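Participant: how would this look folded up:
(one chain, ligands or ions: 1)
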Amino acid sequence: MNSSTTQKIDIQKVSTSRIGDVDFDNLTFGSTFSDHMFECDYKDGEWQNPTIKPYGPLTISPAAKVFHYGQAVFEGMKAFKDEDGKVWLFRPEENFNRINRSSKRMAIPEFPKDIFFEALTTLVKMDKDWVKPGLGNSLYIRPFVMATQVGVSASPSTEYKFMILMSPAQAYYTGDVKVVIAEHYSRSANGGVGAAKAAGNYGAQFFPTNLAREKGFQQVIWTDASDHKYLEEAGTMNVFFRVNDTLLTAPISDRILDGVTRKSVIAIAKRDNINVEERPVLVSEIVEAAKNGSLKEIFGAGTAAVISPVSAFSYKETVYELEMQKNGFATRFKNELMNIQYNRSEDPFGWRFEVV
Ligand code: COI
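Facilitator: Numbers count the residues shown, from 1 in each chain. The predicted structure follows:
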C-alpha cells in the first residue's frame with residue numbers, strides 16, 4: 001500500500017460560484033453542496049490522480065461493485081468559522097484514522113494521510129465562504145470511498161474512488177429527539193461491521209427507523225443482537241445516560257462506532273470529575289431509573305447531531321418521558337464542545353485544527 005505520496009493535487013476551479021443561489025438560513029441537512037469536490041482513484045495497486053474539481057455528477061458503470069456489494073465507507077466531520085473569519089476543523093486526525101479502520105474492515109485499501117490532509121485543507125480553503133459564522137452553522141464534510149471496479153463477481157474490488165464533498169449545515173435534529181429502544185431489529189453483531197462507518201450499516205437502519213417514525217419517534221436506540229438486553233448506540237449518534245450524577249455509556253466494541261464526539265464528551269466529563277462509566281448498560285436499569293426518578297438525562301452525541309437531548313423513550317409499548325434540563329449535562333457538554341469548535345474558548349485538549 002502506498003501510504004505516502006508526492007503527487008500534487010490537480011486543481012480545476014469553477015468559473016462561477018453557486019453560493020449566491022443558496023439560502024443559508026433555510027438549509028436541509030446534507031442537500032446543498034459547495035462549489036468543489038475532491039476525487040482520487042485507486043488503480044493498479046496505488047492511489048492516483050488526486051483532483052479537486054467543480055462539484056457535479058460522476059460517470060460510473062452500473063456494474064461497479066459498490067452498487068452490488070455495498071463496498072463503501074464514509075466519514076462525517078465539520079468545519080467551523082469563528083468571529084474573526086478563521087476556519088477550524090475538530091480533531092480531523094480521528095476521522096482520518098477511522099476511515100482507514102473502516103476501510104480495512106471492508107477490504108478497501110487505506111488512503112494516504114498526506115493526500116487526505118492536503119485535499120481536505122485545500123478544499124476547505126477554496127470553499128471557505130461556504131462556512132458561515134455563528135453558533136450552529138458549519139460546513140459538514142463527507143469523505144467517502146467506494147468500489148468502482150466493473151464486475152459483479154462477489155470479491156473485493158481492485159479499483160476504488162475516494163471523494164470529499166462539503167455541505168453547509170445547520171442543526172441535524174431540530175428540537176429534542178424521541179427514541180424507541182430496539183426489541184426485535186438489530187444494527188450490528190459480534191464480529192460484524194458495527195464499528196465501521198460502512199454505508200450499509202446506515203441503509204440497514206432505515207426500515208426499522210421508519211417503523212419508529214410512524215409511531216412519532218425519530219430514532220432507534222439499538223440493543224445487543226443476541227438478547228436485546230444492553231443499550232448500544234443510536235445509529236447516527238452514540239448515547240449517554242445520566243443516572244443521578246453518573247454518566248453511563250456503552251463501551252467501544254466491534255458493534256459500536258468509536259465516535260469522536262463521544263470520546264470528547266468523556267474527556268470533558270472526566271476532566272470535570274464527573275463519574276463516567278463505560279460499561280454495558282442494561283435496558284432494565286435505565287427503565288428502573290426512569291421509574292424511580294434517578295434517570296435525569298439521555299442524550300446522543302455525534303458529529304452531525306452534536307449533542308441531542310432525548311425527551312422520551314419507548315420500551316415494550318410504554319413511553320417514558322424525561323424532563324428537559326435547562327442546565328443539565330447535555331447543555332453543558334454541548335456548550336463546552338461548541339466553544340472549542342468555534343474558537344470561543346481555550347482549547348485545553350488541543351482539538352482545534354486551524355485551516356485558514
Ligand atoms: C455523522 O455524525 O457524521 C454521521 O455519521 C451521521 C450521518 C449519518 C448523518
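Participant: can you name the residues of this protein that neighbour the ligand?
Facilitator: Applying CB under 6 Å from any ligand atom, we find that the chain lies next to the ligand at 76, 202, 236, 302, 303, 304. Just so you know, the C-beta spots here come from the backbone N, C-alpha and C atoms, and that holds for glycine as well.
Participant: return the subset of the residues you listed lying in helices.
Facilitator: When DSSP state H is applied, these are split such that residue 202 fall in helices.
Participant: now do the contacts for the closest residue to the ligand within the stretch 151-300 of the chain.
Facilitator: The stretch 151-300 of the chain approaches the ligand most closely through residue 236 (4.2 Å), counting by CB to the nearest ligand atom. Contacts for residue 236 (CB atoms under 8 Å, 6 or more residues apart in numbering) come out as 172, 202, 219, 300, 302, 304, 305.
Participant: most surrounded residue in the residues you listed?
Facilitator: The most crowded member of those, judged by other CB atoms under 10 Å, is residue 300 (28 neighbours).
Participant: that one against residue 220, yeah?
Facilitator: No: between residue 300 and residue 220 no contact is recorded; they are 11.4 Å apart, counting by CB atoms under 8 Å.
Participant: coming back round to it: return the closest of the contacts of residue 236 with respect to residue 54.
Facilitator: If you rank the contacts of residue 236 by distance to residue 54 using CB to CB, residue 304 comes first, at 24.9 Å.
Participant: for the closest one, what are phi and psi?
Facilitator: Backbone geometry at residue 304, expressed as degrees, to the nearest 10, gives phi -70, psi -50.
Participant: could you list the domains of the chain?
Facilitator: Under the assignment automatic domain parsing, the domains of the chain span 10-169, 177-341.
Participant: and of the ones you listed, who's closest to residue 348?
Facilitator: Across these, closest to residue 348 is domain 177-341 (CB to CB), at 7.5 Å.
Participant: distance from the chain centre to the closest one, please.
Facilitator: On the basis of CA atoms, centre = their mean, to the nearest Å, domain 177-341 sits 14 Å off its chain's mean C-alpha point.
Participant: before we move on, what about stretch 163-180?
Facilitator: Distance, stretch centre to chain centre, for stretch 163-180: 9 Å (CA atoms, centre = their mean).
Participant: what comes up buried for it?
Facilitator: In terms of neighbour count (16 or more other CB atoms under 10 Å), stretch 163-180 has its buried residues at 163-170, 172-173, 176-180.
Participant: same thing with stretch 233-248?
Facilitator: 233-243, 247-248.
Participant: can you name the residue of the stretch 1-150 of the chain nearest to the ligand?
Facilitator: residue 76 (1.8 Å).
Participant: does that residue really touch residue 142, like I thought?
Facilitator: Yes: if you go by CB under 8 Å, residue 76 and residue 142 touch, sitting 6.4 Å apart.
Participant: compare neighbour counts for the two and give me the winner.
Facilitator: Taking neighbours as other CB under 10 Å, residue 76 and residue 142 compare with residue 76 leading, 22 against 17.
Participant: next, count neighbours for residue 40.
Facilitator: 24.
Participant: hmm, who's touching stretch 348-356?
Facilitator: Stretch 348-356 is contacted from outside by 79, 86-93, 121, 124-125, 128, 264, 267, 271, 340-341, 343, using CB under 8 Å, 6+ apart.
Participant: farthest pair within the residues of the chain next to the ligand?
Facilitator: The widest separation within those (CB to CB) is 13.5 Å, between 202 and 303.
Participant: mind checking pLDDT for the nearest residue to the residue of the stretch 1-150 of the chain closest to the ligand once chain neighbours are set aside?
Facilitator: What sits nearest to residue 76 in space, not counting adjacent residues and going by CB to CB, 6 or more residues apart in numbering, is residue 303, at 4.3 Å. The model reports residue 303 with a pLDDT of 95.
Participant: tell me which residue is most central in this protein.
Facilitator: In the chain, the C-alpha closest to the average C-alpha coordinate belongs to residue 76, at a distance of 4.1 Å (CA atoms, centre = their mean).
Participant: from residue 268, how far off is that residue?
Facilitator: As defined by CB to CB, to the nearest Å, residue 76 lies at a distance of 20 Å from residue 268.
Participant: name the residues of the strand or helix carrying residue 122 that are buried.
Facilitator: Per DSSP states H and E, residue 122 falls inside helix 113-126. Buried residues in helix 113-126, counted by 16+ other CB under 10 Å: 115, 116, 118, 119, 120, 121, 122, 123, 124, 126.
Participant: can I assume the fourth one is in contact with residue 166?
Facilitator: When you say that, I think you mean residue 119. No: look at residue 119 against residue 166 with CB under 8 Å: they stay out of range, at 11.2 Å.
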